[in-house]
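In: Please find the sequence and the predicted model below.
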Amino acid sequence: MTAQSTRDPADDAALLHEAADRLEALATATTPGEWRLGGLLASRPEVVAHGPGGRTEHVAEARARSAAWIGALSPALAGPLAAWLRAAAAGVPSPEAAAVARVLLRRLP
């Protein structure tokens with residue numbers, strides 16, 4: 001029997017729920033707003049959070065709130081996220097998977 005066939009789907013579901021809860025909690029604690037690249041020098045771009053009413057905040061200046069978010073969503077997440085998107089595309093994609101793809105396509109260069 002392989003390790004995959006002995007996994008309990010309930011354990012996997014609990015893992016997914018915990019990851020989702022922790023991701024949402026981290027996002028709540030992170031510098032809010034629509035993050036955009038900006039700055040005057042192409043060699044030193046700045047990330048600026050644009051909030052309601054035109055308020056802006058440099059994400060680097062708010063690193064106490066943003067560092068954990070940047071670390072959590074590091075390039076290490078790219079492989080599993082890309083695999084999940086491809087797996088979702090192989091079947092009937094859920095609205096949630098399509099929403100993730102739309103956000104990524106708006107944000108990725």
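Out: Now that the structure is in, tell me what you want to look at. Numbers count the residues shown, from 1 in each chain.
In: what's downstream of the longest helix anywhere in the chain, the next helix or strand?
Out: Under DSSP state H, the helix in the chain containing the largest number of residues is helix 9-29. Note on helix 9-29: by DSSP states H and E, the next helix or strand toward the C-terminus is strand 34-38.
In: what's in contact with that following strand?
Out: Here strand 34-38 makes contact (Cβ atoms under 8 Å, 6 or more residues apart in numbering) with 45-51, 59. From N, CA and C alone the C-beta is placed, and that goes for glycine too.
In: how distant is it from the center of its chain?
Out: Per Cα atoms, centre = their mean, to the nearest Å, the displacement of strand 34-38 from the mean C-alpha position of its chain is 15 Å.
In: buried ones in it?
Out: For strand 34-38, a neighbour-count test (16 or more other Cβ atoms under 10 Å) marks residue 35 as buried.
In: what do you get for stretch 51-64?
Out: Quick answer for stretch 51-64 (16+ other Cβ under 10 Å): 57, 59, 62.
In: What is the three-state secondary structure of the residue nearest to the second one when sequence neighbours are not counted?
Out: Of all residues not flanking residue 59 in the chain, residue 47 sits nearest, at 4.1 Å (Cβ to Cβ, 6 or more residues apart in numbering). Look at residue 47: counting by DSSP: H, G, I helix; E, B strand; the rest coil, its state is strand.
In: circling back: would you list the contacts of strand 34-38 in JSON lines and tack on pLDDT and distance to residue 85?
Out: As requested, these are exported to JSON lines (pLDDT from 0 to 100; distance: Cβ to Cβ, whole Å):
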{"residue": "45", "pLDDT": "75", "distance to residue 85": "26"}
{"residue": "46", "pLDDT": "85", "distance to residue 85": "29"}
{"residue": "47", "pLDDT": "87", "distance to residue 85": "24"}
{"residue": "48", "pLDDT": "88", "distance to residue 85": "28"}
{"residue": "49", "pLDDT": "89", "distance to residue 85": "26"}
{"residue": "50", "pLDDT": "91", "distance to residue 85": "27"}
{"residue": "51", "pLDDT": "90", "distance to residue 85": "29"}
{"residue": "59", "pLDDT": "83", "distance to residue 85": "25"}
